[in-house]
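*Asks:* Here you go, sequence then predicted model.
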Amino acid sequence: MEIGYISAAHGVRGEVKVRLHDPNATGLFDAEVILARDRSGRVLSLHLERARPQGKGLVASFVEIRDRTTAESLKGAKLLVHPDAQ
């Protein structure tokens with residue numbers, strides 16, 4: 001189930017800005033694995049390290065994203081979780 005998307009890179013250490021479709025949903029925090037489907041259709045498995053509120057979304061750090069170049073390549077990627085993790 002789609003819960004949101006990566007809206008931008010944040011900083012140089014691979015953090016990303018995340019916009020959730022439902023700001024009250026806990027799926028991003030409850031899911032063991034978060035899938036990111038980029039614009040080309042490629043799917044990556046991500047593991048949330050930490051997230052903090054910022055503006056209308058979150059700034060998140062994922063284990064698999066370690067630099068700004070990788071973070072920028074995921075701009076627009078849809079974030080998906082298993083429906084049980086909502």
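*Replies:* Noted; the coordinates are in hand. Residues are numbered from 1 along each chain as shown.

*Asks:* where in the chain is pLDDT low?
*Replies:* Along the chain, the parts satisfying pLDDT under 70 run over 85-86.

*Asks:* where along it do the strands fall?
*Replies:* With strands called from DSSP state E, the chain shows them at 2-10, 15-20, 34-37, 43-46, 48-54, 57-62, 78-80.

*Asks:* Can I get those in a markdown table including mean neighbour count and distance to E72?
*Replies:* To be clear about C-beta, it is placed using only N, CA and C from the backbone, and glycine gets the same treatment. As requested, the strands of the chain are exported to a markdown table (neighbours: other Cβ atoms under 10 Å; distance: least, Cβ to Cβ, whole Å):
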| stretch | mean neighbour count | distance to E72 |
| --- | --- | --- |
| strand 2-10 | 20 | 5 |
| strand 15-20 | 22 | 9 |
| strand 34-37 | 19 | 13 |
| strand 43-46 | 15 | 14 |
| strand 48-54 | 13 | 18 |
| strand 57-62 | 21 | 14 |
| strand 78-80 | 21 | 16 |
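
*Asks:* how about CSV for those, with distance to R68 added?
*Replies:* Shown next, in CSV, are the strands of the chain (distance: least, Cβ to Cβ, whole Å):
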stretch, distance to R68
strand 2-10, 5
strand 15-20, 9
strand 34-37, 16
strand 43-46, 16
strand 48-54, 16
strand 57-62, 12
strand 78-80, 19
